[in-house]
Structures are given as C-alpha cells and as structure tokens.
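Q: Turn this into a model:
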Amino acid sequence: MSKTEHPMMDDMALEALFEASRTEAPLPSEALLARIMADAEAEAAARERPAQSPVRPRTGVIAAVLGVLGGWPAVAGMVTATVAGIWVGFAAPDQLNTLAGGLLLTDDSGFAASYELEDIVPGGAGLGTLLEEG
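A: Have a look, this model is predicted:
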C-alpha cells in the first residue's frame, strides 16, 4: 500500500526538476524591494528619535520610600521577615519545640526544659510585681 496517490518520481525526473530550479532563480519584484526599503527607513528614523515613556513617573511620599527601600519586592521581603519575627517572638518555647520536632528544649535526661519568666526576661520578678499591683 502506498502513502501517496501519485506515482513515485524516478531519479532522472527528480534531477530534471532540481536542474530547472537551479537555472531559474526567482528574483523579487521592484515593488517588493521598494516596500522593504521604505519599512527599513521608517524603522531607522523611529530608532533615532528618543523614546518617550508612556507612563507618568510617580511622585509622592510612598513612591519615594519605595524607591529608597528597593521597590515592592524588597518591601514584601521586609514585611515577611517582620511578621515571622513577631510570630517567633510571641510564640511560646513549647510551640517552637513542637515545630522543631523536640530538638530545641531537651536537657541531658531527655525531658523538655521549662523556662520561668525570670529566665527569659532579666528582672522579671519586678515585672511580676508590677503586674500584680496594676
């Protein structure tokens, strides 16, 4: 079964077809060449003009702060770090130990160490007294 409906060309017919294409090289018309040159000259003239920005630059306090800090990606990173720092600061050590898989707060006996307020905040006894009075 053949995949083409046309009979196969033999080598002689194929060589004649190639020879005809070699001798008759197609040339573009004068109109086509003129249109190509006109497009090229228009593009060259457009590149010589200074580019005008279509967007008006932002002016204001927020834009100035964003510019100093490095733009929105830098501000987003700083906000993420701030939120993570606040969370770690307010999380109880037991919760951090749970997230760490029990590796943070263990002593030699294998039991989790407990922290008193005096261990975390120097002078915490005075803070406890203030909280009781207030």
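Q: what's the helix or strand for Glu86?
A: Wrong residue type there; residue 86 is Ile, not Glu. helix 72-90 (DSSP states H and E).
Q: and what of Ala34?
A: Assignment of secondary structure by DSSP H and E places Ala34 within helix 30-48.
Q: Just the residues contacting the next helix or strand after that helix, thanks.
A: Using DSSP H and E, the helix or strand that follows helix 30-48 in sequence is helix 61-69. If you take C-beta atoms under 8 Å, 6 or more residues apart in numbering as the criterion, helix 61-69 is touched by Trp72, Val75, Met78. All C-beta spots, glycine's among them, are computed from the backbone N, C-alpha and C.
Q: report the angle between the axes of helix 61-69 and helix 72-90?
A: In terms of direction (axes from the mean of the first three to the mean of the last three C-alpha atoms, to 10 degrees), helix 61-69 departs from helix 72-90 by 80 degrees.
Q: same question for helix 61-69, mean pLDDT?
A: For helix 61-69, the mean per-residue pLDDT is 87.
Q: Next: stretch 85-98.
A: On average, stretch 85-98 scores 71.
Q: and if you look at stretch 42-53?
A: 81.
Q: what are the C-alpha coordinates of stretch 67-81, in PDB please?
A: Coordinates of each C-alpha in stretch 67-81 appear next as PDB, following Å, rounded to 0.1, in the frame of the first residue of the first chain:
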ATOM      1  CA  GLY A  67      12.300  53.900  45.800                       C
ATOM      2  CA  VAL A  68      14.700  54.200  48.700                       C
ATOM      3  CA  LEU A  69      13.900  50.700  50.000                       C
ATOM      4  CA  GLY A  70      14.200  49.000  46.600                       C
ATOM      5  CA  GLY A  71      10.700  48.700  45.400                       C
ATOM      6  CA  TRP A  72       7.800  46.400  46.100                       C
ATOM      7  CA  PRO A  73       9.800  43.100  46.100                       C
ATOM      8  CA  ALA A  74      12.100  44.400  48.800                       C
ATOM      9  CA  VAL A  75       9.200  45.800  50.900                       C
ATOM     10  CA  ALA A  76       7.400  42.500  50.600                       C
ATOM     11  CA  GLY A  77      10.500  40.600  51.900                       C
ATOM     12  CA  MET A  78      10.900  43.000  54.800                       C
ATOM     13  CA  VAL A  79       7.200  42.600  55.700                       C
ATOM     14  CA  THR A  80       7.500  38.800  55.600                       C
ATOM     15  CA  ALA A  81      10.600  38.900  57.800                       C
END
